[in-house]
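K.L.:
Dropping a prediction and its sequence here:
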Amino acid sequence: MDAARQQEQRAGGDGGGDRYGVLLYYKYAEVPDAAALAAFYEAHCRGLALVGRVRVGPDGVNATLGGRMKALEEHVAEMSSNALFEGTDFKLASCDDPVDERVARECGFTSLSVRVVKELVTLRSNATAPPEISSAGRHLSAAEFHSVIKNVAGTSLEAVASAEKNEVVVLDARNVYETRIGKFNIPNVETLDPEIRQYSDLPSWIDEHTEKLRGKSIMMYCTGGIRCEMASAYIRSKGEGFENVFQLYGGIQRYLEQFPDGGYFEGKNFVFDHRISVGSLKENILGTCLICGSSYDDYSSRCRCSHCRMLVLVCPTCQGSTKEYVCELCQKNGKEPCRISSEDCEIQIVLSEPSSFEKPSISNHNVSSKIPWSNGKVKCYTGSEQLKRLRILCLHGFRQNASSFKGRTSSLAKKLKHIAELVFVDAPHELLFVYQPIQGQCSDKPSPPSVTPKQKFAWLIAPNSSCNVEQDWKVAHTPFDPLQYQQQTEGFEQSYAYLERTISQMERFDGVLGFSQGAAMAALLCRQQQKTCGAPKFRFGMFCSGYAAPVGNFDSEPINLPSLHCFGNGEGHDRQIANRASIGLAGLFQQDCCSVVEHDMGHIIPTKSPYIDRIKDFLSGFL
């Protein structure tokens, strides 16, 4: 792209109403009815054929939208007429249409996602309440920010009245994968890069480096400004010695518009849409390949760390040599690539007495035809077909078992046969057989069905539930309660321990798939793994008709795992799990790698187009 065209795009020149554009804005303000505002966004944006993400909370709105420039301009005009958005900085730039479908899909630029959230940006430290946004640092325009650092860079503090002549430090509030490709580089000024994996790690870094910040004039910046609002408020909440906090209003995006040559900013600005990054006229490359160290700053391949799933920079040559990467943060913790040897290997199978938490698994293929058993050993093959297929642990729903879930997902397994191998396991809590008495039956003691069903299991049970191996029929004293899942809060510890043993004893799993209560359990499993190990042990998760089980505390930080959430839409098609419950579960995962598929097929995993195509597209990204 030539320099003139870049400058036109940064200036928002549309070159005609058919040009594609990207719009970013946020507004912290009290929203009286978040659900009503979200409904307005849903209708208004769909009417303009806009795509992207809108998050509405009681504390305001955060939006990243894409579409035709004319439609985006209409949206800006509409929102500007609402008093709620008075003073909002609408950042609108024209750009090329999304060409990389995979990147566009991952960034949410193939559909519209409008959600109600508890808060716009989650910033937590030791489970404390978030700081008051009214205490945020003072806004500096791009020109003011540049003027301050220019004077400091020239070793003259006389003109820096706003900084009260204190020593100035510059603090980057972004994640390490963003700072890899671009950051401010200011002579004679200390610039602090926290090197955090996710935004919720920033408070801990601030707590550990208070002496570096105390008594300083702190100049903060981020991509578009929203993360500085909460982070600057957190710093100022520390009291005396932390009063002088300033933030770049409009973020790096506004700075590059004001200074097209880059000013003091080197490299590219990472953005959370299909553009991936936006640079200045200098077009210098700051990033390097994780493997070979050559200059490289293109995230379009979406390569991720095999352990924590954070984006990493890997040049095309190195992408061809390996698919296992370990980011710099995981390397500091001593983690290594999980490679499969090209030579045959043997895994010792330890046979032991079965217990209530050690049940056999059921795969969607004939195990005996794929894995030769000999003297308690398994031979592990590394043929091209085996390496291409993903191995997925599947968790069934409440009062189901591995066999029945395998049967219910046979169509899914068939359509994914070239992509994935599904492995099914029974939950550890065995349930009683129950039946409903027939209405109008004459006998005082209604007879149970004559056929004994297969055993039923659960991952979570209600308090005081009777779970034992007696297989006598029991009369259900109450009719089916579609909200029973909200009371099933016990048994997580046993289920978690059982799954951890299952994972350690079986072959490595790439992902986890859960249905209904199984989806709730899968989310709990990933959350607990992240707490104890630093990251989930899976590369991805699929949560179908799921919900956030009221077990433990989900509020500390988002689950750092690429996720696909598939559930019934808001028209009441799924009578088992409410649409809002499934939306709530999706909101607990890291949003820049969270995909949602809503359908009208009821309480099932859909296998018809276009839903199965979305599932295949998601899985294909991990092959």
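P.N.:
That came through fine.
K.L.:
pLDDT weak spots in the stretch 351-500 of the chain?
P.N.:
Low-confidence segments of the stretch 351-500 of the chain (pLDDT under 70): 351-388, 433-454, 464-485.
K.L.:
Can you report how many residues neighbour the residue nearest to Lys608 when sequence neighbours are not counted?
P.N.:
Excluding the flanking residues, the one nearest Lys608 by CB to CB, 6 or more residues apart in numbering is Met601, at 7.4 Å. Every residue, glycine included, has its C-beta placed from N, CA and C. Neighbours of Met601 under the rule other CB atoms under 10 Å: 17.
K.L.:
Relative to Gly568, how far out is Met601?
P.N.:
In this view, Met601 and Gly568 are 7 Å apart by CB to CB, to the nearest Å.
K.L.:
ok, now Ile461?
P.N.:
24 Å.
K.L.:
Next up, phi/psi of Ile206, please.
P.N.:
phi -60, psi -40 (degrees, to the nearest 10).
K.L.:
for His274, same thing?
P.N.:
Note on His274: backbone dihedrals following degrees, to the nearest 10 are phi -70, psi -10.
K.L.:
again, but for Ala578
P.N.:
Per-residue torsions, Ala578: phi -60, psi 140 (degrees, to the nearest 10).
K.L.:
Please name the nearest non-neighbouring residue to it.
P.N.:
Nearest one to Ala578, counting by CB to CB, 6+ apart, is Tyr547 at 7.7 Å.
K.L.:
Next up, the contacts around the closest residue to Val551 other than its chain neighbours.
P.N.:
Nearest non-adjacent residue to Val551, counting by CB to CB, 6+ apart: Phe492, 5.0 Å away. Residues counted as contacts of Phe492 (CB atoms under 8 Å, 6 or more residues apart in numbering) are 459-460, 521, 524, 549, 551-552.
K.L.:
same check, this time on Cys594
P.N.:
562-563, 565, 586.
K.L.:
Quick check: bridge partners of it?
P.N.:
Beta bridges link Cys594 to Ser563, judged by DSSP bridges.
K.L.:
Would you confirm that Arg400 contacts Lys456?
P.N.:
I think there's a mix-up here, since residue 400 is Gln and not Arg. Yes. With contacts defined as CB atoms under 8 Å, Gln400 counts as touching Lys456 at a distance of 6.5 Å.
K.L.:
more neighbours, these two?
P.N.:
Legend: neighbour count by other CB under 10 Å for Gln400 and Lys456, higher for Gln400 (24 against 19).
K.L.:
for the stretch 51-200 of the chain, what spans make up the strands?
P.N.:
Along the stretch 51-200 of the chain, counting by DSSP state E, counting those that start in this stretch, strands occupy 51-57, 60-68, 91-95, 112-116, 138-140, 168-172, 182-184, 190-192.
K.L.:
Give me the pLDDT for the closest residue to Asp592 other than its chain neighbours.
P.N.:
Closest residue in space to Asp592, ignoring its immediate chain neighbours: Phe272 at 5.7 Å, by CB to CB, 6+ apart. With respect to pLDDT, Phe272 scores 90.
K.L.:
how far away is Phe272 from Arg53?
P.N.:
Phe272 is 8 Å from Arg53, by CB to CB.
K.L.:
Need the residues touching each of those two.
P.N.:
With CB under 8 Å, 6+ apart as the test, Phe272 and Arg53 both reach Thr64.
K.L.:
which of these two has more neighbours?
P.N.:
Taking neighbours as other CB under 10 Å, Phe272 and Arg53 compare with Arg53 leading, 22 against 18.
K.L.:
Tell me the helices and strands packed up against the longest helix anywhere in the chain.
P.N.:
Ranked by residue count and defined by DSSP state H, the top helix of the chain is helix 517-533. Helix 517-533 sits against strand 390-395, helix 492-505, strand 511-515, strand 540-544, helix 579-586, with contacts defined as 3 or more CB pairs under 8 Å, 6 or more residues apart in numbering; DSSP states H and E.
K.L.:
Need the pLDDT of the residue nearest the centre of the chain.
P.N.:
By CA atoms, centre = their mean, the mean C-alpha position of the chain lies nearest to Gln590, the distance being 2.1 Å. At Gln590, the predicted lDDT confidence score is 86.
K.L.:
pretty sure it contacts Ile559?
P.N.:
Yes. With contact defined as CB under 8 Å, Gln590 counts as touching Ile559 (6.6 Å).
K.L.:
Out of the strands of the stretch 51-200 of the chain, flag the one nearest Arg254.
P.N.:
The closest of these to Arg254 is strand 91-95. By CB to CB, the value is 6.9 Å.
K.L.:
partner strands of the closest one, parallel or antiparallel?
P.N.:
strand 20-28 (antiparallel).
K.L.:
Give me the residue ranges of this protein where confidence is low.
P.N.:
Checking the chain against pLDDT under 70 turns up 1-17, 124-129, 154-166, 336-388, 433-454, 464-485, 507, 553-556, 571-572.
K.L.:
Top of the contacts of Cys594 by number of neighbours, please.
P.N.:
Per-residue neighbour counts (other CB under 10 Å) across these peak at Ser563, which has 30 neighbours.
K.L.:
quick one on the thing from earlier: any of the contacts of Phe492 buried? List them.
P.N.:
459-460, 521, 524, 549, 551 (16 or more other CB atoms under 10 Å).
K.L.:
Most widely separated two among those?
P.N.:
That would be Trp459 and Val551, which, of these, are the farthest apart (CB to CB) at 10.2 Å.
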